[in-house]
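Chemist: when you get a sec, could you give me coordinates for this:
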Amino acid sequence: MESQLEWFNKDYVPYREMLKEAMGDVAKLHTDFSAKVYQDGSLSTKVKRLMAMCVALSVGCPGCMIGQTKAAIENGATKQDVIEAFQVVLAVRGTTAYGWSNKITKLLEEMGIWQ
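Modeler: Presented below is the predicted three-dimensional model:
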């Protein structure tokens with residue numbers, strides 16, 4: 001399986017940024033809105049990012065899965081946090097949740113978190 005970090009950084013992010021540039025003010029509004037949403041509040045940024053990872057797994061968005069998992073880890077999520085969040089997706093979505101789980105497991109391995 002290809003490196004998830006390499007795919008995210010080389011194949012996903014550059015094209016997303018091209019599209020954002022073409023969208024101009026609309027993309028800026030979305031970026032500003034997202035930054036506000038993910039700020040600490042009643043829920044921590046870490047928890048919000050884990051929630052977003054779960055949504056990404058549920059809807060099948062690989063870029064979102066990788067980006068949200070990375071953001072959760074960067075905001076203090078542990079391997080166990082990611083696993084427990086995944087278990088919620090599994091409980092709600094059933095075995096279809098396993099369909100994309102390899103991307104997150106591989107990412108944790110690449111980041112040195114899956115030991």
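
Chemist: which residue lies nearest the spatial centre of the chain?
Modeler: By C-alpha atoms, centre = their mean, the chain has its centre lying nearest to residue 68, at 1.9 Å.

Chemist: now do the contacts for that one.
Modeler: By C-beta atoms under 8 Å, 6 or more residues apart in numbering, the residues touching residue 68 are 49, 50, 52, 53, 56. (Each C-beta comes from the backbone N, C-alpha and C, glycine too.)

Chemist: in TSV, list those residues along with distance to residue 99.
Modeler: Converted to TSV, those look like this (distance: C-beta to C-beta, whole Å):
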residue	distance to residue 99
49	21
50	19
52	18
53	15
56	12
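
Chemist: look up how far residue 38 lies from the residue nearest to the centre of the chain.
Modeler: Distance, residue 68 to residue 38, using C-beta to C-beta, to the nearest Å: 10 Å.

Chemist: what does residue 50 give?
Modeler: Going from residue 50 to residue 38 by C-beta to C-beta gives 11 Å.

Chemist: same drill for these two, tell me which one is more crowded.
Modeler: residue 50 (24 against 19; other C-beta atoms under 10 Å).

Chemist: which residue is the nearest non-sequential neighbour of that one?
Modeler: The shortest distance from residue 50 to any non-neighbouring residue, by C-beta to C-beta, 6 or more residues apart in numbering, is to residue 85 (4.3 Å).
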